[in-house]
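Trainee: got a predicted structure here, sequence first:
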Amino acid sequence: MLPATSATVAALDQCTWYFAVRAVNTGGAESANSNAMQKTITSASAAKTVAITINASTPPPTPPPATGTLKTIAKEVYDVVWVNNGPTRGNQIGTIAIGKACNDAQVGTGYYTVNKSDVTFTGTASGSYVVAKCAKS
């Protein structure tokens, strides 16, 4: 995925096409889909491309602090290691789906323990706990 504020989709076949966009922040958290827009290609002579442009707008006001439940906001999962008699985030050892429940045990800023059963492991956890980036929703 490349950072972009516009894109062109070419070579569309004859039918109705629906488009939506998502934003991804620097922390890797992905937004929900935008409102869907449509483009109908009705004949062979119709324009077969659609241009999508994202225009900057005034950011919405800062929402009040979240009071919901902790959920994952990034897919990377890390091992928990002990350094200087305390837990800290270690190496990435897997991935988790965005929106999975997080536990209350915090390890570092914004990282909370997650259930191992929700993780797709690409490495071996050295301890009993793994963490992912979480926020209240």
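Mentor: Yep, it's here. A quick note: this is a predicted structure, and the numbers were derived from the prediction, not measured.

Trainee: can you give the domain ranges for the chain?
Mentor: Annotated domains of the chain cover 1-57, 70-136 [automatic domain parsing].

Trainee: dump these to CSV, plus mean pLDDT and mean neighbour count.
Mentor: (Each C-beta comes from the backbone N, C-alpha and C, glycine too.) Written out in CSV, the entries for those read as follows (pLDDT from 0 to 100; neighbours: other C-beta atoms under 10 Å):
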stretch, mean pLDDT, mean neighbour count
domain 1-57, 69, 10
domain 70-136, 91, 16
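
Trainee: got a list of contacts for the host helix or strand of residue 113?
Mentor: Assigned by DSSP states H and E, residue 113 belongs to strand 111-114. Outside strand 111-114, the residues that touch it by C-beta atoms under 8 Å, 6 or more residues apart in numbering are 70, 72, 77-78, 80, 89, 96, 100-107, 129-134.

Trainee: what are the pairing partners of that strand, and which direction each?
Mentor: Partner strands for strand 111-114, per DSSP bridges, with pairing direction: strand 102-106 (antiparallel), strand 130-136 (antiparallel).
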